[in-house]
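*Asks:* How does the following fold in three dimensions:
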Amino acid sequence: MTPLSTTISQKRVLLVKPIEGSKPDRSHFRTVSVTEPVPELVDNAVLVKNLIFSLDPYVKPADYTAIDGSPVVGFGIATVVKSKNDEFPVGAILFGPLHWEEYTVLDQMALAEGFRLDQALDRDVPLSVYNGILGLTGLTVWDSLNFVGNLKAGETIYISSAAGTLGQLAGQLAKRKGLRVIGSAGSDEKVAFLKSELGFDGAFNYKTQDKRQALTELVGEKGLDIYYDLVMDDTLDVALELLNAHGRIIGIGALSVHQGQAPYAPKNLMALIEKSLRYEGYMVYERFDQLEAFWKELTPLVKSGEIKSGETLVQGSIEDLTETYLKFLNGGYTGKVNIEVAKN
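*Replies:* Sure, this is the predicted structure:
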């Protein structure tokens, strides 16, 4: 590893204005060039070189009190180049919350939102996969289905936004458990992918088909047992109508909110009582103790191809982050979207 000099010259993406409550566009971001001294680290902090950014529906400012000019924070993979933390020595590879820039300082609080990768990496698996199906998104799906879903063979699960990384894996894991799997996606191409490549039992295009009619027809007389909600829109009302007694809604994502819509409030919540339904949200950050079991089960399945992982890996730079992110939000890619800005 090349030693650091006394200064760092790098590109950095900044937020110009808040994006909550509006759909992000180019006017929300600007990219700047900076030259700064190599930072002095406080105890338990590290300086990392950012390698591969994960593009996810949510990003946030590094400083909520000063939005204008605050760095953008997403997630990704990086390598440690300077350390005052024994658990993350120089050369360690980690997944964590990274600023959209070439080098980032992570303090102890930021490191608690991530985890070390190099001790678990399988060298036969591309590093970018640990941003997706073998990373935080994969753990989210695997653990939420096990911990909250209580899946039973013969049940029917419906997955919204099913062509994304979370939805793809949820469908495949549910199929392996013997469930009937229905999904929705935003293009005919993605719908075909779900059925022909991933083995979904049914799927529909939510942009061109009436959601209530399409889902009702696909669910049929058996009814719905689990709604795996990645969107948080008016589909909730449809699901509440179709769910069987003791059905479950697993709240995982809010894609509609990240696309500028107001959070949706279901109108028929009485169904929760009338049908003894369970509606439970899930956050993965309390469940990192499951990583070892997750990797033990999923890594062989990913390597063998039994679990398919659709991915778009964009080769680019920090200057490409904004455009790639906006294209991702508008449905321009299938599967997990990563952008590689540097090699390890």
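
*Asks:* List the buried residues of the helix or strand encompassing Val105.
*Replies:* Element membership for Val105, per DSSP states H and E: strand 103-106. Using 16 or more other C-beta atoms under 10 Å as the test for burial, strand 103-106 gives 103-104, 106. Yep, even glycine has a C-beta here, placed from its N, CA and C like the rest.

*Asks:* Need the CA coordinates for it. CSV is fine.
*Replies:* Extracted in CSV, the C-alpha atoms of strand 103-106 (Å, rounded to 0.1, in the frame of the first residue of the first chain):
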residue,chain,number,x,y,z
TYR,A,103,-11.1,9.2,1.4
THR,A,104,-13.3,9.3,4.5
VAL,A,105,-12.7,9.4,8.3
LEU,A,106,-14.9,7.0,10.3
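
*Asks:* before we move on, the earlier item: and which of the buried residues of strand 103-106 is nearest Phe193?
*Replies:* Thr104 (34.3 Å; C-beta to C-beta).

*Asks:* Which residue is the nearest non-sequential neighbour of the closest one?
*Replies:* Nearest residue to Thr104, sequence neighbours excluded (C-beta to C-beta, 6 or more residues apart in numbering): Leu98, at 5.1 Å.

*Asks:* is it fair to say the one you found lies in a strand?
*Replies:* Yes - per DSSP: H, G, I helix; E, B strand; the rest coil, Leu98 lies within a strand segment.

*Asks:* Now do it: how many residues are near it, please.
*Replies:* A total of 26 residues lie near Leu98 under the criterion other C-beta atoms under 10 Å.

*Asks:* how about it, what does it touch?
*Replies:* Residues near Leu98 by C-beta atoms under 8 Å, 6 or more residues apart in numbering: 48, 50, 53, 73-76, 78, 104, 106.

*Asks:* Quick check: mean pLDDT of stretch 125-142?
*Replies:* Looking at stretch 125-142 alone, the average pLDDT works out to 93.

*Asks:* what's the spacing between it and its chain's center?
*Replies:* Chain-centre distance of stretch 125-142: 9 Å, with C-alpha atoms, centre = their mean, to the nearest Å.

*Asks:* ditto for stretch 277-287
*Replies:* Per C-alpha atoms, centre = their mean, the displacement of stretch 277-287 from the mean C-alpha position of its chain is 15 Å.
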